[in-house]
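J.: Got a predicted model here, sequence first, then my questions.
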Amino acid sequence: MTPLYRYPTPEGFDDLLLCSDGEALTGLWFESRDVETQNFASLPPVIQDTFHWLDVYFSGRQPDFTPTYRMKGLTPFRKAVLEAVCDIPFGQTMTYGEIAQQLKTNSAQAVGGAVGWNPICLVVPCHRVIGANGKLVGYGGGMNNKIALLRLEGHIGFS
């Protein structure tokens, strides 16, 4: 069983859970239920790096490095979508339709499926993807967290 590590987030966010294959981050998501996690006494280097990245991010700044991560089950389409998501700058948003247009596909819904599949939230900033006309739509980490993340990045109009 892969050990899970809990990152205690600031007030207003659910805590984060992380997992690793020992070399790369393989999962980062908001905690939705109480699970058993690894003791913080001995963290693998990639988890330490990710904790540092999260400390910088939750201080309201874009980290100047990216922790090593690996995604299993990454199809070419998912890869293209998530690369587009990674290109969305800190403090900005993009719609599913804009990503679909950029990738020359007609399906914002397919883009939404690929964004929703993302196993590494925040580092791959799927919270920056919004619906048409600035509408907030689904987020695997919960809408309260999505709103709080967008506010942390300077968007004050979301509620």
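T.: On my side now, so go ahead. Numbering: from 1, shown residues only.

J.: Going by C-alpha atoms from here, please, whenever you check contacts or count neighbours.
T.: Fine.

J.: Low-confidence regions, the chain specifically.
T.: With pLDDT under 70 as the threshold, the chain has low-confidence stretches at 1, 33-41, 156-159.

J.: the longest helix in this structure is where?
T.: Selection of the longest helix in the chain by residue count, based on DSSP state H, yields helix 45-58.

J.: which other residues reach the very next helix or strand once past that one?
T.: Scanning forward in sequence from helix 45-58 by DSSP states H and E, the next helix or strand is helix 76-86. The set of residues that contact helix 76-86 without belonging to it, under C-alpha atoms under 8 Å, 6 or more residues apart in numbering, is 99, 103, 111, 114-115, 118, 123-126, 128-129.

J.: Ok, stretch 100-117 next?
T.: In contact with stretch 100-117 (C-alpha under 8 Å, 6+ apart) are residues 77-78, 80-82, 85, 96-97, 99, 126, 139-140.

J.: Can you check the distance spanned by that stretch, start to finish?
T.: With C-alpha to C-alpha, to the nearest Å as the measure, the first residue of stretch 100-117 is 16 Å from its last.

J.: Which stretches in the chain count as strands?
T.: Ranges of strands within the chain are 5-7, 16-20, 25-30, 94-95, 129-130, based on DSSP state E.
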